[in-house]
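> here's a sequence, model it:
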Amino acid sequence: MPGEGFSENEILRGRIALILVENLSVPFDRRVWQECQTLRDAGMTVHVICPQGTKRDTEAEVVLDGVHIHRYPLQAATGGPAGYAREYGSALWHTFRLARKIGRVDVVHACNPPDLLFLVARMLRRRGAKFIFDQHDLVPELYLSRFDRGQDFLYRGVCALERATYRAADVVLATNESYRQVARIRGGKRPEDVFVVRSAPVVERFHEVPVEPELKRGKPNLLCYLGVMGPQDGVDYALRALAALRDEIGRDDWHAVFVGAGDTFDEMVALSHQLGLSGQVEFTGRVSDEDLLRYLSAADVCLSPDPLNPLNDVSTMNKVMEYMAMGKPMVSFELREARVSAGEAALYAPANDIAEFAKLVAVLMDDPEQRERMGKLGRERVRGPLAWGNSQAALIKAYERALG
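Residues are numbered from 1 along each chain as shown. Now for the predicted structure:
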């Protein structure tokens, strides 16, 4: 259990927490679900408002492992900023509606994006609730990285919303030290009001299962990408690196599997066809936990192709942590927080250098001893300094700060 080892807390016991999420359904959002379980084990009654999933998390209302989950229908945005305005407007309306239905709470805990949920928190603060801002993404950097529009009026708008969220928050949760610095400098928050709660996998969930050779499709090496497929996630970089691995390095002794979905899924499948990779690249879409373990257990090299941009350089990637939890080596581009997370569990190509990325994949394919050594180092990191237990302690302290 994520909360195992955390007993009831004198300050938190009997209090009510309301967690607001727009980006993913719960419990599919692993970070939020781990936070829910930690707070529940500390003695809180936990409610979550989030969108409904499409293939899972579809019930409108459910109590799961003691956590009360309230879900609303939401059509994900397509296209440019206008699509996101429609999505966020609908989500905000539903969140207001369900929050009123739940009634009094002691803490409202809002997870971005978008930086609009402070409006709901402000309503609940008038009823005595404290507001904790859980900053999953730096939305101004996300805007710059996702849309090629520069610092236009919409960029200035998202900056204003971020400032308003910081001002409203009693406490901020940052996913890493880079985000903590932003909260302190750009957000003007006092150091004692910002807590680093790193996203970290529950290591018990990630365990190797017997390797199924058929997943490699007759090849000696299986390359694996796990994660969201959006404009800023670099799946196109990974595909072009695989084309370079085949065409420039002359290696076809691999099969690659891309596990996950997102806004650019169809575009990435089309790109794999354009590059002539359809015979060696497989796209699974989202898969069950059981299938995820099957693919990662069989993987020889994992791919973390997030390109250098204003968001990725300072963000902690969930896939990096999950690769390490499975004891798998990876290739990454040179990013500040990628090095903080992975350390020596990754090889680093110069930022956005597709040819060098391909060369490093080949290096790992040819060196099973190095792969084993890197995998062991990664597993030790997520079981030690980057373990979820450390984040649990910081989360409890943040709630004590807000309520104390």
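
> please make it C-alpha for all contacts and neighbour counts, starting now.
Fine.

> where does the chain dip in pLDDT?
The model of the chain has pLDDT under 70 over residues 1-7, 78-79.

> can you show me the helices along it?
30-41, 81-102, 118-125, 139-146, 153-168, 177-185, 235-247, 265-274, 289-298, 318-325, 336-342, 354-365, 368-383, 388-403 (DSSP state H).

> and those helices: which comes nearest Val21?
In terms of C-alpha to C-alpha, the element of the helices of the chain nearest to Val21 is helix 30-41, at 8.2 Å.

> ok, now which ones touch Ala99?
Ala99 makes contacts with Ile49, Val120, as judged by C-alpha atoms under 8 Å, 6 or more residues apart in numbering.

> I figured Cys36 hits Asp65, correct?
No. Cys36 lies out of contact with Asp65 (C-alpha atoms under 8 Å); the separation is 9.7 Å.

> so which of the two has more stuff around it?
Comparing Cys36 with Asp65 by other C-alpha atoms under 10 Å, the one with more neighbours is Cys36, at 28 against 9.

> hang on, the earlier thing: which of the helices of the chain sits most buried?
helix 318-325 (a mean of 24; mean count of other C-alpha atoms under 10 Å).

> surely Val171 meets Phe133?
Yes. Val171 lies in contact with Phe133 (C-alpha under 8 Å); the separation is 6.4 Å.

> can you count the residues close to the nearest residue to Gly14 once chain neighbours are set aside?
Excluding the flanking residues, the one nearest Gly14 by C-alpha to C-alpha, 6 or more residues apart in numbering is Met44, at 5.3 Å. Residues lying near Met44 (other C-alpha under 10 Å) number 22.

> check contacts around Met44.
Leu12, Arg13, Gly14, Arg15, Ile16, Ala17.

> please produce a ChimeraX select command covering the buried subset of these.
Typed into ChimeraX, the line below selects the buried ones among those, using 16 or more other C-alpha atoms under 10 Å:
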select :12,13,15,16,17
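
> which of the contacts of Met44 lies closest to Asn176?
Using C-alpha to C-alpha, Ala17 comes nearest to Asn176 of the contacts of Met44, at 23.1 Å.

> who's the closest one bridged to?
Ala17 forms beta bridges with Val46, Val107, as assigned by DSSP bridges.

> got the contact list for it?
Taking C-alpha under 8 Å, 6+ apart as the test, what Ala17 contacts is Met44, Thr45, Val46, His47, Val105, Asp106, Val107, Val108, His109.

> now it: how far from Asp41?
In this view, Ala17 and Asp41 are 12 Å apart by C-alpha to C-alpha, to the nearest Å.

> the nearest residue to Ala349 once chain neighbours are set aside: neighbour count?
Nearest non-adjacent residue to Ala349, counting by C-alpha to C-alpha, 6+ apart: Phe333, 4.7 Å away. Close neighbours of Phe333, defined as other C-alpha under 10 Å, add up to 25.

> ditto for Asp313
Look at Asp313: counted by other C-alpha under 10 Å, it has 20 neighbours.

> looking at this structure, which residue ends up farthest from its center?
Residue farthest from the centre of the chain, counting by C-alpha atoms, centre = their mean, is Gly250 at 34.2 Å.

> and the spatially most central residue of the chain, what does it touch?
Nearest residue to the geometric centre of the chain (C-alpha atoms, centre = their mean): Asn318, 4.7 Å. Going by C-alpha under 8 Å, 6+ apart, Asn318 touches Ser199, Ala200, Pro201, Gly227.

> could you measure from it over to Ser297?
For Asn318, the distance to Ser297 (C-alpha to C-alpha) stands at 17 Å.

> residues contacting Val281?
His255, Ala256, Val257, Phe258, Ser272.

> so what's the second one bridging to?
Right, the one you point to is Ala256. On the basis of DSSP bridges, Ala256 is bridged to Leu223, Val281.

> ok, it to Asp266 distance?
Here the criterion is C-alpha to C-alpha. By it, Ala256 lies 17 Å from Asp266.

> can you check the first one too?
From His255 across to Asp266, the span is 20 Å (C-alpha to C-alpha).

> so who does Val108 touch?
Ala17, Leu18, Ile19, Leu20, Ala121, Leu124, Ala129, Lys130, Phe131, Ile132.

> oh, that last question was meant for Ala349, not what I typed.
Contacts for Ala349 (C-alpha under 8 Å, 6+ apart) come out as Val331, Ser332, Phe333, Glu334, Glu356, Phe357, Leu360.
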